[in-house]
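Peer 1: Dropping a prediction and its sequence here:
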Amino acid sequence: MKNVTIAIVGAGFAGNFHTNAYNKVSGVNLRIKYVFDNDQERARQLCDKWDIIEGVAATYQQVLEDPEVDVVDIITPPVTHLDLCYQALDANKHVICEKPLTGYFGEEGDEEQIGLNVPKAKMYKKLLADIDECRQKFEASDRLFMYAENYVYSPNILRSAEMIEAKKSKIMYMKGEESIRSSTSPASAYWSLAGGGSLIRLGSHPIGGMLFLKQAEAKARGEEIAVQSVVAETGRLAPSLNEHDKRYFPAKSIDTEDFATVVITFTDGTKAISISNDNTLGGVKNYVEVYTNDSALVNNITPADNLSTYFLDQDDLEDVYISEQLQDKTGWNKVFVAEETLRGYLAQFQDFAECVAENRQPLSDLNLAYDTIKIIYAAYLSAEEGRRVDF
């Protein structure tokens, strides 16, 4: 059995998803030697919660200088992603990077509240230069870049890809959505930290999943299919409400959008629509619908329908997890069962561990990360200028 040693960088909400999945990886002798976070107490809490994590690193440099560490798993705010990736690459480590790959976070001379005041054309130009540089750096190395897009690894999406490949179906139209009640991250309120709002945080998931399925079709049919153009609308819905009306939406957006819809046109003339917003009560909503020339494939990722509960009160349920961003546990609810499997985390980290052990490319790679963030910033440009952005 091959050995793979990992260091987790970032001990926030997603750190639990990653660690839970790592804990169930099989066929690889996997260690998590360190967790590092600038908030050392938060890192200590994650370490104490999971036996698989061996210790807390005092600095990121400690992680990079340890020759036993094969992989750095970056689960930090997007503003830090590229810098941490490049430092890991320079230290000869493989990289797992949470979505999004990067974004525009401001430059010297930018007016404050950059999401409202910096032209999206400037952002798009800078982003393209940054992601081109990232691609060049990794392609010039022998290190793996693994893009943590869990939609790709959802069993629904994987099965859909299998059936599309078997039938050599032509995808005509796809629709995907991730919507939720605000964000768990304080950084999400600021474009300078998050690189955008609901589109970059939530929309990246269905966009990534739909791009993966479109490439599965292209491979099966022996075709080359790329993105041709993007048209989008974004909005700031909750900030327009009075304090009473927005009492159930705790996020305090400073300069980020909380609603986005994107229409993607592919070079074969087919379409995909992505919806993302922070104003959906009742728990997180994730799906991808695929309509082909000979089938309809409806991927309901969450909420699943494995277990429904009905409670008259919430007594003694304080520590019982029902669903992400579901505050009220009374009445009927759909409970997340085997969430790490249904949302793709387990298959994702199984693939990543095997990729490092076997030195092969992952299903979710740098190309997917590159295409997803390019679409997102083209969408921001489209929404601001009211036009189609051609690739």
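Peer 2: Right, received. Where do you want to start?

Peer 1: Quickly list the domain ranges of this protein.
Peer 2: Under the assignment named as automatic domain parsing, the residue ranges that make up the domains of the chain are 3-150, 151-302+342-346+377-390.

Peer 1: out of those, nearest to Asp315?
Peer 2: With CB to CB as the measure, domain 151-302+342-346+377-390 is the member of the domains of the chain nearest Asp315 (20.5 Å). From N, CA and C alone the C-beta is placed, and that goes for glycine too.

Peer 1: First-to-last residue distance for the closest one?
Peer 2: The straight-line separation of the ends of domain 151-302+342-346+377-390 (CA to CA, to the nearest Å) is 26 Å.

Peer 1: and the residue of the chain positioned farthest from its centre, what is it in contact with?
Peer 2: In the chain, the greatest distance from the average C-alpha position (CA atoms, centre = their mean) is reached by Leu312, at 34.9 Å. Taking CB atoms under 8 Å, 6 or more residues apart in numbering as the definition of contact, the neighbours of Leu312 are Thr330.

Peer 1: sorry, back to before: out of the domains of the chain, which is closest to Tyr370?
Peer 2: When the domains of the chain are ranked by proximity to Tyr370, the top entry is domain 3-150, at 5.2 Å, counting by CB to CB.

Peer 1: And that closest one, how far out from the chain middle?
Peer 2: Its chain's C-alpha centre lies 12 Å from the corresponding centre of domain 3-150 when counted by CA atoms, centre = their mean, to the nearest Å.

Peer 1: Determine the number of other residues adjacent to Ala14.
Peer 2: Ala14 has 20 neighbouring residues, counting by other CB atoms under 10 Å.

Peer 1: wait, Ala21
Peer 2: By other CB under 10 Å, 24 other residues sit near Ala21.

Peer 1: re the thing from before, the domains of the chain into CSV, with extra columns for distance to Leu363 and mean pLDDT?
Peer 2: As requested, these are exported to CSV (distance: least, CB to CB, whole Å; pLDDT from 0 to 100):
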stretch, distance to Leu363, mean pLDDT
domain 3-150, 9, 97
domain 151-302+342-346+377-390, 6, 95
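
Peer 1: what would those domains look like in TSV with distance to Phe336?
Peer 2: Shown next, in TSV, are the domains of the chain (distance: least, CB to CB, whole Å):
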stretch	distance to Phe336
domain 3-150	11
domain 151-302+342-346+377-390	7
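
Peer 1: Of all the ones you listed, which one is nearest Asp365?
Peer 2: Of all these, domain 3-150 sits nearest to Asp365, with 6.0 Å by CB to CB.

Peer 1: quick one on the thing from earlier: the residue farthest from the centre of the chain and Lys329: what is the separation?
Peer 2: 10 Å (CB to CB, to the nearest Å).

Peer 1: Is it correct that Arg31 falls within a strand?
Peer 2: Yes: membership of Arg31 in a strand is supported by DSSP: H, G, I helix; E, B strand; the rest coil.

Peer 1: The residue nearest to it when sequence neighbours are not counted: neighbouring residues, count only.
Peer 2: What sits nearest to Arg31 in space, not counting adjacent residues and going by CB to CB, 6 or more residues apart in numbering, is Thr5, at 4.7 Å. As a burial measure, the neighbour count of Thr5 was computed by other CB under 10 Å and equals 18.

Peer 1: same deal with Ser323?
Peer 2: Under the neighbour criterion other CB under 10 Å, Ser323 is assigned a count of 18.

Peer 1: 249 is where my numbering starts, stick with that
Peer 2: Understood, numbering begins at 249; the last thing we discussed is Ser571.

Peer 1: which SS class is the closest residue to it other than its chain neighbours?
Peer 2: Leaving out its chain neighbours, the residue that sits closest to Ser571 by CB to CB, 6+ apart is Gly531, at 3.9 Å. Remark: Gly531 carries the secondary structure label coil [criterion: three-state DSSP].

Peer 1: Contact partners for Gly531?
Peer 2: If a contact means CB under 8 Å, 6+ apart, then Gly531 has Ile428, Arg429, Thr550, Pro551, Ile570, Ser571, Glu572, Gln573, Leu574, Asn581, Lys582 as its contacts.

Peer 1: residue boundaries of the helices in this protein?
Peer 2: Taking DSSP state H to define them, one finds helices in the chain at 261-270, 288-297, 308-313, 329-338, 362-365, 368-387, 403-415, 439-442, 446, 452-469, 587-590, 593-606, 614-633.

Peer 1: got those as a markdown table, with distance to Val320 columns?
Peer 2: Output for the helices of the chain, formatted as a markdown table (distance: least, CB to CB, whole Å):
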| stretch | distance to Val320 |
| --- | --- |
| helix 261-270 | 12 |
| helix 288-297 | 14 |
| helix 308-313 | 6 |
| helix 329-338 | 4 |
| helix 362-365 | 28 |
| helix 368-387 | 13 |
| helix 403-415 | 26 |
| helix 439-442 | 20 |
| helix 446 | 28 |
| helix 452-469 | 21 |
| helix 587-590 | 21 |
| helix 593-606 | 11 |
| helix 614-633 | 15 |
